[in-house]
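A.B. asks: I would like the atomic coordinates for the input below:
(one chain, ligands or ions: 1)
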Amino acid sequence: MTDPAVCPDPPERMCPSTPAANATVFLGMITPAGRVAYVTPATPAEVALAAAGDADTPVESRYRLAGPCVTSSCGFWTGDHCGLGARLAASYQEAVGPTEVELPKCAIRRTCRWFAEQGPAACPACSHVVTDTR
Ligand code: SF4
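C.D. replies: Below you'll find the model as predicted:
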C-alpha cells in the first residue's frame, strides 16, 4: 500500500473557464476591453454570484469562474488533456511567438488544468477568454 505522506494524491485540477453551475472560485471580471481582470486571493464563487444580480446577459459573459475539471464530462476533454487549453496556448504562440510574458496574478495557478498541461503559454491566452455557455 502506498504511504499517502510519501506519494500524495495529485491536486484536483481546476477548470479556469467553467459555467456558474459548476463554479467554486471567482476568477475575475471581464473588462469592457474583453480582458480578464483577475481577482486574488481566491474568492468563493457563491460570494461573487450573489452580488452579480439579475442582468439581461449571462453571468459568464461578465465573470470568469473556475471549478473542478470534469474531464470526460466536458466536450473539450480529449481523453488525456484539455483540448481547449491546448488550442488556446497554441493559437496564442502562433500569433505572438515565443515571448517572455508576465503571468497574471490569478487565484488558481497551483491547480489550474491549463497551466498544468500547457505551462505559462496558457496564461496570456486565458486572459482573453469569455466563457461560452451555449
Ligand atoms: S491559465 Fe494561467 S492565468 Fe488562466 S487560470 Fe490558469 S494559471 Fe491562471
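A.B. asks: longest helix in the chain, please.
C.D. replies: helix 83-96 (DSSP state H).
A.B. asks: next, the buried residues of the following helix or strand past that helix.
C.D. replies: Following helix 83-96 in sequence order, the next helix or strand is helix 113-118 (DSSP states H and E). Applying a neighbour-count criterion of 16 or more other CB atoms under 10 Å, one finds 113-116, 118 buried in helix 113-118. Glycine gets a C-beta too; all of them are placed from N, C-alpha and C.
A.B. asks: tell me which residues are up against helix 113-118.
C.D. replies: Taking CB atoms under 8 Å, 6 or more residues apart in numbering as the criterion, the residues outside helix 113-118 that touch it are 13-16, 69, 81-82, 84-86, 88-89, 109, 122-123, 126.
A.B. asks: and that helix, anywhere near the ligand?
C.D. replies: Yes: in this structure, helix 113-118 sits against the ligand according to CB under 6 Å from any ligand atom; the contacting residues are 114-115.
A.B. asks: contacts only, for Val59.
C.D. replies: Neighbouring residues of Val59 by CB under 8 Å, 6+ apart: 20, 49, 52, 65.
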